[in-house]
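Student: Have a look; sequence and predicted model below, questions after that.
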Amino acid sequence: MDTVQAFALALKKLRKARKMSQEDFLTVCSQGYISQLERGLNNPTLGMVDELANQMQLHPLTLLLKTYSCRQPELSLEELMFLAINEIRKLEDPPSKA
């Protein structure tokens with residue numbers, strides 16, 4: 001499954017888990033846009049991911065984690081988190097010696 005389709009599935013699952021309708025997002029975007037996102041016909045900006053997550057009272061990482069969980073179902077949520085945390089730690093600058 002590609003990332004756009006995985007995001008579509010994740011958004012729809014999380015929206016329904018929150019017992020929200022597409023109309024509940026009208027302060028963020030149109031119902032038509034949400035429908036397009038949930039059908040994988042549109043690719044949201046990072047800003048839109050943030051707004052959608054906030055509307056569902058979720059951290060944006062939750063929406064992205066659910067997306068990649070849908071994209072890579074063979075990995076558990078814990079494995080995905082472990083991979084990301086380790087990658088970030090390896091890429092961070094080492095503490096400077098003063």
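Tutor: Everything's here; your move.

Student: what's next to the helix or strand of the chain with the lowest mean pLDDT, contact-wise?
Tutor: Least confident element among the helices and strands of the chain, by mean pLDDT, DSSP states H and E: helix 77-91 (a mean of 93). Contacts with helix 77-91, where a contact means CB atoms under 8 Å, 6 or more residues apart in numbering, come from L65, Y68, S69, Q72, L75. To be clear about C-beta, it is placed using only N, CA and C from the backbone, and glycine gets the same treatment.

Student: ok, which stretches of the protein are helices?
Tutor: With helices called from DSSP state H, the chain shows them at 3-17, 31-38, 46-55, 60-71, 77-91.

Student: Of all those, which one is nearest D24?
Tutor: Nearest to D24, of all the helices of the chain, is helix 46-55, at 7.1 Å by CB to CB.

Student: so how many other residues sit close to C29?
Tutor: When neighbours are counted by other CB atoms under 10 Å, C29 registers 18.

Student: Identify the residue spatially nearest to it, adjacent ones excluded.
Tutor: M48 (7.1 Å; CB to CB, 6 or more residues apart in numbering).

Student: any idea how far that neighbour is from P60?
Tutor: 10 Å (CB to CB, to the nearest Å).

Student: quick revisit: can I get the least confident helix or strand of the chain in PDB, CA atoms only?
Tutor: Below are the C-alpha coordinates for helix 77-91, written out as PDB (Å, rounded to 0.1, in the frame of the first residue of the first chain):
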ATOM      1  CA  LEU A  77       3.500   0.200  16.600                       C
ATOM      2  CA  GLU A  78       6.300  -0.400  19.100                       C
ATOM      3  CA  GLU A  79       8.600  -1.500  16.300                       C
ATOM      4  CA  LEU A  80       7.800   1.600  14.200                       C
ATOM      5  CA  MET A  81       8.400   3.800  17.200                       C
ATOM      6  CA  PHE A  82      11.600   2.100  18.100                       C
ATOM      7  CA  LEU A  83      12.900   2.500  14.500                       C
ATOM      8  CA  ALA A  84      12.000   6.200  14.500                       C
ATOM      9  CA  ILE A  85      13.500   7.000  17.900                       C
ATOM     10  CA  ASN A  86      16.700   5.200  17.100                       C
ATOM     11  CA  GLU A  87      17.000   7.000  13.800                       C
ATOM     12  CA  ILE A  88      16.500  10.400  15.400                       C
ATOM     13  CA  ARG A  89      19.000   9.600  18.200                       C
ATOM     14  CA  LYS A  90      21.600   8.500  15.700                       C
ATOM     15  CA  LEU A  91      21.200  11.700  13.600                       C
END
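
Student: Kind regards, and thank you for your time.
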